[in-house]
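In: this is a predicted model, with the sequence first.
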Amino acid sequence: MDIQIEKLTKTYGPQKAVNDISFDVKTGEVLGFLGPNGAGKSTTMKMITGYIGIEKGDIRIGGKSVTDPESNFKRHIGYLPENNPLYLDMPIIDYLEFCAALQGVEKAKIKDRIREMIGLCGLNREKHKKIGELSKGYRQRVGLAQAMIHDPEILILDEPTTGLDPNQIIEIRKLIRDLGKEKTVILSTHILPEVEATCDRILIINRGTIVANGTPETLRKQAQGNEVLKVRIEDAEAQTIAKALSALDTVQDVDLVQQEENLFEVQSVAQQSSKRNIFNLCVDKKWALTELTPLETKLEDIFRNLTVN
Amino acid sequence: MHTIWTIAKRELATFFDSLIAYIILVLFLGFSGFFTWLYGNDIFLVGQANLRLFFNIASWSLFFFIPAITMKMLAEERKTGTLELLLTKSVSDRQVILGKFLGSILLVCIALAATLPYVITVSNIGNLDNGGTICGYLGLLLLSTAYTAIGIFASSITTNQIVAFMTALFIGLFFHIIFGVLAHNFTGSLGQFFDTLDLQSHFESVSRGVLDSKDLVYFLSITVLGLYLGEWSLSKRHIS
């Protein structure tokens, strides 16, 4: 099921929490929702799940507007809210049964679904406990289980891996990737490597507006601009090498990073690569090229550039 | 309807899981039993085989205990954030309110059912008026629906259970006492007006065995108004 968001706006008092944002998410896509605290991520998610009303704009789920009282869109959504609120005095199985019944799972299938979810989320050893007796990581799994109990076509996860240990994080990421092949997934997170590990597309929002939208690769390309290479050349004086490098016609700028080790950062002219030229230069001069690494812009840098004002 | 029942069942299960139900049942039975059988103007002093005294005392116990039952229903859910999870399931605000209402009414019914031994005892002592007894229980039930609706409204406007309890008690106080006092102090149409609003007089007329549509309309309007205001207060999240 596709989600289309059109010119969504939400104001809290004088402050615009979400300001005129539009984007689409398609079936089989995992969308990573990034942004600093208070950027409007959770507000947007709350509007998609129908918890808070839409002030301006529209959200369409599977082509139907959520404002249409006939659409019954909540049944197609599995939602894990921020901070994972749960009824702590309920046993896990009772709670999952309650969620399944509310989401309209057929009575005959409820037991099977619960068994499946308990297996999938690794709750087997804890299944007879009350939710309040569980550690944070296990509560998070219960939160995921309740979101997926009715096999929804859309999953909306607000920071799904908080509180999990590294093994669990890897499992949950894999689970999200697998689910993302058939379903529509929107997840928000602060952990940037997580976005790279799980998401097909990244949406960065800041102060209620979208500042970047694309795959991790395209974002990197946009942010990076010119090629930057880390180069180490031996068997000559650093100054001589620097001069020779600057003389190459694809090189725009040379930076001597470490004098003793002859380490340079070479920035190429836009749209061009100097890798071959540097290699040929070293061959001509009989210098030893001991390092040549392209420097990639990290997602952290992109994030900082876009959201620090 | 199925959704409302699911929510009501969960509320009831939570009451019994968290011991609140047992405490309320013991206190309710203890309080009403003590004043009915043991203390002061008790049933032996009256010397009549009827339960009018019990119904009067039970109306006071319910007045105090129902706010204690309803206070956490929405206030706590709002505070812990589970309300968000509940309302993003495939349920409407109205179903949530009605489910919670039904859950607490069921608990009250269990409490009232636990007083049936009183009926059996009195009917063994003398000739019990069956119709009057049934009407007495009906009166208690109607009174409970009104106070439960008020309690749910009070719980919907705050995140603090104590505030919800006090608010419900405060609103209930008007219906239980203040309107009655005002009705005595004023004459003419104003006195008539306060008398119409007084819950005690409606309750007494039902429990005396007089089933008047006026009384039914009175209790049902308070119930519907309370639940409607509760729903309205939930839906306010959409506009703020």
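Out: On my side now, so go ahead.

In: show me what contacts whichever residue of the stretch 201-309 of chain A sits closest to chain B?
Out: Nearest residue of the stretch 201-309 of chain A to chain B (CB to the nearest CB) works out as residue A:208 at 16.7 Å. (Glycine included, C-beta is placed from N, CA and C.) Residues near residue A:208 by CB atoms under 8 Å, 6 or more residues apart in numbering or on different chains: A:16-19, A:21, A:39-40.

In: confidence score at residue 101?
Out: Because you didn't say which chain, this covers chain A. Per-residue pLDDT puts residue A:101 at 93.

In: my bad, chain B
Out: For residue B:101, the model assigns a pLDDT of 96.

In: relative to residue B:228, how far out is it?
Out: Per CB to CB, to the nearest Å, residue B:101 is found 11 Å from residue B:228.

In: the helix or strand containing residue B:6 near chain A at all?
Out: Using DSSP states H and E, residue B:6 maps to helix B:2-17. Yes. Helix B:2-17 is in contact with chain A by CB under 8 Å from any CB of the partner chain, via B:2-3, B:6-7, B:10, B:13-14, B:17.

In: counting neighbours, what do you get for the nearest residue to the residue of the stretch 201-309 of chain A closest to chain B once chain neighbours are set aside?
Out: Sequence neighbours aside, residue A:19 is the residue nearest to residue A:208 in space, at 3.8 Å (criterion: CB to CB, 6 or more residues apart in numbering or on different chains). The number of residues packed near residue A:19 is 18, by other CB atoms under 10 Å in any protein chain shown.

In: isn't there a helix covering residue A:19?
Out: No. Using DSSP: H, G, I helix; E, B strand; the rest coil, the assignment for residue A:19 is strand, not a helix.

In: measure how buried residue B:233 is and give me the count.
Out: 19.

In: was I right about it contacting residue B:153?
Out: Yes. Residue B:233 is within contact range of residue B:153, at 6.8 Å (criterion: CB atoms under 8 Å).

In: could you find the closest non-adjacent residue to the residue nearest the centre of chain B?
Out: Among the residues of chain B, the one closest to the centroid is residue B:144, at 2.3 Å (CA atoms, centre = their mean). Distances taken as CB to CB, 6+ apart put residue B:108 closest to residue B:144, at 4.5 Å, once the chain neighbours are dropped.

In: so how far is residue B:102 from the one you found?
Out: Applying CB to CB, the value for residue B:108 to residue B:102 is 11 Å.

In: what's the answer for residue A:98, then?
Out: For residue A:98, the distance to residue B:102 equals 15 Å [CB to CB].

In: next helix or strand past the host helix or strand of the residue nearest to the centre of chain B?
Out: Using DSSP H and E, residue B:144 falls within helix B:130-156. As assigned by DSSP H and E, the chain's next helix or strand after helix B:130-156 is helix B:161-173.

In: from the chain's centre, how far out does the next helix or strand after that next one sit?
Out: As assigned by DSSP H and E, the chain's next helix or strand after helix B:161-173 is helix B:179-185. Taking CA atoms, centre = their mean, to the nearest Å, one finds the center of helix B:179-185 at 22 Å from the center of the full chain.

In: which helices and strands sit right next to the next helix or strand after helix B:179-185?
Out: The helix or strand immediately downstream of helix B:179-185 is helix B:188-197, counting by DSSP H and E. Judged by 3 or more CB pairs under 8 Å, 6 or more residues apart in numbering or on different chains; DSSP states H and E, the packing partners of helix B:188-197 are helix B:179-185.

In: residue A:206 versus the residue nearest to residue A:208, what's the distance?
Out: In terms of CB to CB, residue A:19 sits 10 Å off from residue A:206.

In: for the helix or strand bottoming out on mean pLDDT in chain B, packing partners?
Out: Ranking every helix and strand in chain B by mean pLDDT, DSSP states H and E puts helix B:43-46 at the bottom, with a mean of 71. Other helices and strands packing on helix B:43-46, by 3+ CB pairs under 8 Å, 6+ apart, are helix B:52-80.

In: which parts of the helix it packs on are buried?
Out: Within helix B:52-80, the residues that count as buried by 16 or more other CB atoms under 10 Å in any protein chain shown are B:52-59, B:61-78, B:80.

In: of those, list those near chain A.
Out: Of these, the ones that also sit near chain A (CB under 8 Å from any CB) are residue B:80.

In: can you tell me the helix or strand for residue A:266?
Out: With DSSP H and E as the criterion, residue A:266 is inside strand A:263-268.

In: let me see the domain layout of chain A.
Out: Split into domains by automatic domain parsing, chain A comes to A:3-214, A:225-297.

In: contacting residues for the residue nearest to residue B:152 when sequence neighbours are not counted?
Out: In this structure, residue B:152 finds its nearest non-sequential neighbour in residue B:230, 4.7 Å apart by CB to CB, 6+ apart. Contacts for residue B:230 (CB under 8 Å, 6+ apart) come out as B:74, B:97, B:149, B:152-153, B:155-156.

In: how does it look with 7 Å?
Out: For residue B:230, the contacting residues are B:97, B:152-153, B:156, by CB atoms under 7 Å, 6 or more residues apart in numbering or on different chains.

In: ditto for residue B:179
Out: B:194, B:197-198.

In: residue B:93 now?
Out: Counting by CB under 7 Å, 6+ apart, residue B:93 touches B:87, B:231, B:234-235.

In: same thing but at 6 Å, please
Out: For residue B:93, the contact set (CB atoms under 6 Å, 6 or more residues apart in numbering or on different chains) comprises B:231, B:234-235.

In: can you give me the strands in the stretch 101-250 of chain A?
Out: Secondary structure of the stretch 101-250 of chain A (DSSP state E, counting those that start in this stretch): strands at A:154-158, A:184-188, A:201-206, A:209-214, A:228-234.

In: so which of those strands is nearest residue A:9?
Out: strand A:209-214 (10.4 Å; CB to CB).

In: what helices or strands is the closest one leaning on?
Out: Packing partners of strand A:209-214 (3 or more CB pairs under 6 Å, 6 or more residues apart in numbering or on different chains; DSSP states H and E): strand A:201-206.

In: quick check: mean pLDDT of the strand it packs on?
Out: Mean per-residue pLDDT for strand A:201-206: 89.

In: that strand pairs with which strands, and in what direction?
Out: strand A:29-34 (parallel), strand A:209-214 (antiparallel) (DSSP bridges).

In: out of those, which is the most enclosed?
Out: strand A:29-34 (a mean of 24; mean count of other CB atoms under 10 Å in any protein chain shown).
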